[in-house]
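Novice: Sequence first, then the predicted structure, then my questions.
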Amino acid sequence: MRGTYSNRKGKFDPSDERNVKHTKIGQVWELYEERQPELSKIPFSTRLNLEQYIGIYESLPYVWQMLKDVGSIRACWVYLGLYLALHGFLSLIPAIRLWYSGQLLSIVGSAIEKRTVDKQLLFKVAASRVACSLGEVILQHFSRVISRPLNTRIKQYYNIHMFGALARLDVPTYNDPSIQRQHEQAFPSTDLPQSVVWKTVVGSVNLGSTVVMLISQLTVMFRVLKDQHDGPLLAFLSLLNSVMSWNYYSQSLFGLGVWAATTRNADFIKLSGLRKAIGHPAHRKEIVTGNMWEYMHSEYRRCVTTLGEDTGEFSNALNSFRQRRFPSVVALIRQSVQQLPQIVFTLRAVSYPSSIPLSLASLNLITSTTSSFTNTLFRLVYETGSISDNFASIRKMYEVMQVENRIRDGTVGYPENSKELQMGVSIEFRNVSFKYPESNAYALRNVSFKIVKGQLCVILGQNGSGKSTILKLIARLYDPLEGQILIDDRDIKTLKLADIRQAMAVLYQDYTCFPLSKNIALGDPGHSSSNDLSRITKAAEFGGASEFIERLEDGYETYLERPVRDYYSGLPEGTTSLFGRAVSFGGVRGAGGMKGSDSVGLSGGQMQRIALSRTFMRSLVSEDSELSVGLLLFDEPSASLDPTAEHDLFERLRHLRGQKTMIFSSHRFGNLTRNADLILYMHDSAIVEEGSHEALIRAGGEYARIWNLQAQAFL
Ligand SMILES: Nc1ncnc2c1ncn2[C@@H]1O[C@H](COP(=O)(O)OP(=O)(O)OP(=O)(O)O)[C@@H](O)[C@H]1O
């Protein structure tokens, strides 16, 4: 149940004793439940409150939009019309059945009075009841048949739209927890068989047909019962019984309210940690070399003994806790109320013995019709509740599909002339300050510098000093809080985002390798040249990846991590590989989402070379192409590379660079800094020194101090 969201606004605070009930479940778990308002103790009200009605009202424009969208899907209206018609018929069946029951009752009545049975009518009634049941089965079958293509089309349509909505988000918007929550709610990551939209369509149809059912049943019930002896009294008693059982049932439905559970039991937390440590392959090396297993075993034994039977997960603990509870007063009364109609019937039979057969028949009719009626009523209540949830999900879905990116696009094309880029790009920061969206600390404070076209710039500094942040702001992943960034003397915010990104190639420190093939070609997506194997190979050579890629079985088509897992069961021991991949056994291997047999075993350095090659993919476009790149940003490009690879990389970069502007972020002092046109030395979110290597050494500041320290180490 972890992570299930509700559409309610506001905050749940477990420490608020007035509104939250605290229960200790055994010695481990503590349950915090929101106290239900008094109103909710009245039957039906748990699912019917004002908030939900307001929610339904607010969601209506989105639902209307949804209907329009569903209507635009090919052939959906035809299917939907059929579906509605079928459900219209289905909703009338209970009332028809009830009417025939009434007919039966009147046959019994006249049989008692006149001692004759109207056989023709009896057969007609019996045949009609059979026809009703058959009709219901057939209509339900066709409703299922139609719902399949309808559901599939709706699901496909929204899947495609949602993928687009998620794919287009920029970094701050994507990382915003409220957006992520909205996404998860509107489009759960699990591949559910029914989309929210389909559920809403079904829910709305059900609600409509339940209303029809209720009205038709009520009309027929009134006609049938009004002439019966004690009909209204028996109907009331049966209704009371049903209402009480509903109240009991809805109260036992754990999960309708707001709740949270936690544990503060040190032994249980430790026991869980030990279980995780033992089950996770990542810890095995340390457990073996550190001789830890005996200690872990004895600690585990101690925890298990101390906790006794309380070592289970929350749901188990809650279940056994509930089973120990004595039945509530309501449950006891409910059992007694169940007997009331029988008691009334018996009393009546005692007073009027002659009416027994008719009373028996009418008792039977009354109890079955009232229970069918109350069921319909409950369905209506339940469906109103779930329709409000569904409508809220529809609203969330449309809101999240229409959410605006935080980084607003510019309007000016860049560059005016694509040849300009061959001469590089100039970059200027004017008093730029920046904080990450979820942070209060400055990542950059009043930073100003200018990189002239075609310069090689190295940003140096300690961990966390703000180097990567500068690169991210140049790529416009974020906008500065204060100050201005100029690209070729134009405000970066005025330029079209797609153009800026086309003009630069970036390698991030926390680069990723995608769970896709063509990891290198992705560096230049969507262009015909990205299928050009000779360019891919060249990019791989520049990144130093070609050698090991060519040794892989699928070469440049390799999936570094297979995104789809194989399924198998009960394999005999000797089966160590299947479909050309190693078999991963049991939960231990899969624990914690570790890289299993489905990933190609590449080292960290090799992964970095692939990411580097991807960066080169774009910059390798021929110089006259319109798609050329004028700016290369490298965040720690050699962090995982061995010294030879690092040396080769810088040689290749020198060759590739031409007139392009290049910016590196690095911790290392060496050839790169010595060859740089500009070094920005950062400390604590600010640039503290700036200039060429010689100038900084002459200045004798922090750069010179660290350079000399390093130089001494090699003496
Ligand atoms: N996504 C983020 N959210 C919040 N704070 C962040 C985020 N990324 C970085 N920071 C913070 O911003 C500051 C600057 O980080 P930045 O990554 O620019 O440093 P860096 O100089 O590149 O460090 P390193 O050498 O370790 O890569 C740090 O204090 C860091 O904790």
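Specialist: Cool, got the structure. If you're wondering where the values come from, they're calculated on a predicted model, not measured in any experiment.

Novice: Mind jotting down where the strands sit in the stretch 401-550 of the chain?
Specialist: For the stretch 401-550 of the chain, the strands defined by DSSP state E, counting those that start in this stretch occupy 427-435, 442-451, 456-461, 482-487, 490-491, 504-507.

Novice: wait, Tyr511 sits on Ser613?
Specialist: No - with contact defined as CB atoms under 8 Å, Tyr511 does not reach Ser613; the gap is 10.8 Å. For glycine as for every other residue, the C-beta is placed from the backbone atoms N, C-alpha and C.

Novice: With neighbour numbers in mind, choose between the two.
Specialist: For the pair Tyr511 and Ser613, the greater number of neighbours falls to Ser613 (27 against 19), based on other CB atoms under 10 Å.

Novice: and the nearest residue to the more buried one once chain neighbours are set aside, how many neighbours does it have?
Specialist: In space, not counting the residues next to it along the chain, Ser613 is nearest to Gly543; the distance is 2.9 Å by CB to CB, 6 or more residues apart in numbering. A count of neighbours around Gly543, defined by other CB under 10 Å, yields 26.

Novice: Gly543 and Ala611, how far apart?
Specialist: As judged by CB to CB, to the nearest Å, Gly543 and Ala611 stand 8 Å apart.

Novice: who in the stretch 501-650 of the chain is up against the ligand?
Specialist: Contact residues of the stretch 501-650 of the chain with respect to the ligand, defined by CB under 6 Å from any ligand atom, are listed as Gln509.

Novice: what are the ranges of the helices in the stretch 251-400 of the chain?
Specialist: For the stretch 251-400 of the chain, helices defined by DSSP state H, counting those that start in this stretch occupy the ranges 266-279, 284-289, 293-307, 314-323, 329-337, 340-351, 356-401.

Novice: In a markdown table: the ones you listed, plus distance to the ligand.
Specialist: As requested, the helices of the stretch 251-400 of the chain are arranged in a markdown table below (distance: least, CB to the nearest ligand atom, whole Å):
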| stretch | distance to the ligand |
| --- | --- |
| helix 266-279 | 27 |
| helix 284-289 | 25 |
| helix 293-307 | 34 |
| helix 314-323 | 32 |
| helix 329-337 | 52 |
| helix 340-351 | 66 |
| helix 356-401 | 22 |
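
Novice: how does the chain divide into domains?
Specialist: What the record gives for the chain is the domain set 20-36+50-259+329-401, 264-316, 423-503+630-687, 511-564+599-627, from automatic domain parsing.

Novice: Would you reformat these as a markdown table and include distance to Arg322 and mean pLDDT?
Specialist: As requested, these are arranged in a markdown table below (distance: least, CB to CB, whole Å; pLDDT from 0 to 100):
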| stretch | distance to Arg322 | mean pLDDT |
| --- | --- | --- |
| domain 20-36+50-259+329-401 | 8 | 81 |
| domain 264-316 | 11 | 88 |
| domain 423-503+630-687 | 40 | 90 |
| domain 511-564+599-627 | 40 | 80 |
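
Novice: Tell me how many other residues surround the closest residue to Leu507 other than its chain neighbours.
Specialist: Nearest-residue entry for Leu507: Thr615, 4.3 Å, with adjacent residues in sequence omitted and distances by CB to CB, 6+ apart. By the measure other CB under 10 Å, the count of residues near Thr615 is 24.

Novice: Then Thr210?
Specialist: Around Thr210 there are 22 other residues, counting by other CB under 10 Å.

Novice: Quick check, it in contact with Phe378.
Specialist: No - contact status for Thr210 versus Phe378: not in contact, 9.6 Å apart, counting by CB under 8 Å.

Novice: if we can go back for a sec, now mean neighbour count and distance to His647 too, for the helices of the stretch 251-400 of the chain, in JSON lines please.
Specialist: Below are those laid out as JSON lines (neighbours: other CB atoms under 10 Å; distance: least, CB to CB, whole Å):
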{"stretch": "helix 266-279", "mean neighbour count": "16", "distance to His647": "41"}
{"stretch": "helix 284-289", "mean neighbour count": "11", "distance to His647": "32"}
{"stretch": "helix 293-307", "mean neighbour count": "14", "distance to His647": "44"}
{"stretch": "helix 314-323", "mean neighbour count": "14", "distance to His647": "56"}
{"stretch": "helix 329-337", "mean neighbour count": "13", "distance to His647": "80"}
{"stretch": "helix 340-351", "mean neighbour count": "14", "distance to His647": "93"}
{"stretch": "helix 356-401", "mean neighbour count": "20", "distance to His647": "48"}
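
Novice: closest one to Gln710 among the ones you listed?
Specialist: Closest of the helices of the stretch 251-400 of the chain to Gln710 is helix 284-289, at 32.5 Å (criterion: CB to CB).

Novice: Return the distance of that closest one from the chain's centre.
Specialist: When C-alpha coordinates are averaged (CA atoms, centre = their mean, to the nearest Å), helix 284-289 and its chain have centres 35 Å apart.

Novice: same question, stretch 204-216
Specialist: In terms of CA atoms, centre = their mean, the gap separating the centre of stretch 204-216 from the centre of its chain is 32 Å.

Novice: Also stretch 421-440?
Specialist: Its chain's C-alpha centre and that of stretch 421-440 lie 32 Å apart, by CA atoms, centre = their mean.

Novice: got the buried residues for that stretch?
Specialist: Within stretch 421-440, the residues scored as buried using 16 or more other CB atoms under 10 Å are 421-430, 432-435.

Novice: ok, which pair from those is furthest apart?
Specialist: Maximum pairwise distance among the buried residues of stretch 421-440 (CB to CB): 36.1 Å, between Gln422 and Lys435.

Novice: Can you pull the phi and psi angles for the residue sitting nearest the centre point of the chain?
Specialist: Among the residues of the chain, Glu184 comes closest to the average C-alpha position under CA atoms, centre = their mean, at 2.6 Å. Its backbone dihedrals place Glu184 at phi -60, psi -40, with angles given as degrees, to the nearest 10.

Novice: For Lys199, see how far away it is.
Specialist: 16 Å.

Novice: And for Arg275?
Specialist: 37 Å.

Novice: cool, Asp488 as well?
Specialist: If you measure Asp488 against Lys199 using CB to CB, the figure is 52 Å.

Novice: between the two, who's got more neighbours?
Specialist: Neighbours per residue (other CB under 10 Å) separate Asp488 from Lys199, with Asp488 holding more: 21 against 18.

Novice: shouldn't that one be in contact with Leu421?
Specialist: No - the pair Asp488 and Leu421 does not pass the contact test of CB under 8 Å, sitting 9.4 Å apart.

Novice: How about Phe579, nearest residue that isn't a chain neighbour?
Specialist: Counting by CB to CB, 6+ apart, Asp566 is the residue found nearest to Phe579 once chain neighbours are left out, at 5.9 Å.

Novice: Assign a three-state SS to the one you found, would you?
Specialist: At Asp566 the chain is in coil, as set by DSSP: H, G, I helix; E, B strand; the rest coil.

Novice: So it is in contact with Leu578, correct?
Specialist: Yes - counting by CB under 8 Å, a contact exists between Asp566 and Leu578, whose distance comes to 6.2 Å.

Novice: So what's the gap between the helix ranked longest in the chain and the chain middle?
Specialist: Among the segments of the chain that qualify as a helix by DSSP state H, the longest is helix 119-167. Chain-centre distance of helix 119-167: 30 Å, with CA atoms, centre = their mean.

Novice: and what of stretch 665-679?
Specialist: Distance, stretch centre to chain centre, for stretch 665-679: 43 Å (CA atoms, centre = their mean).

Novice: With stretch 64-78 instead?
Specialist: Averaging C-alpha positions (CA atoms, centre = their mean) puts stretch 64-78 25 Å from its chain's average.

Novice: what distance separates the start and the end of it?
Specialist: Start-to-end span of stretch 64-78 (CA to CA, to the nearest Å) is 18 Å.

Novice: Identify each buried residue in it, please.
Specialist: Of the residues in stretch 64-78, those with enough neighbours to count as buried (16+ other CB under 10 Å) are 65-67, 69-70, 73, 76.

Novice: cool, and stretch 493-504?
Specialist: Across stretch 493-504, burial judged by 16+ other CB under 10 Å covers 493, 495, 497, 500, 502-504.

Novice: Out of those residues, give me the two with the largest separation.
Specialist: Farthest pair in those (CB to CB) is Lys493 and Gln502. Separation: 17.0 Å.
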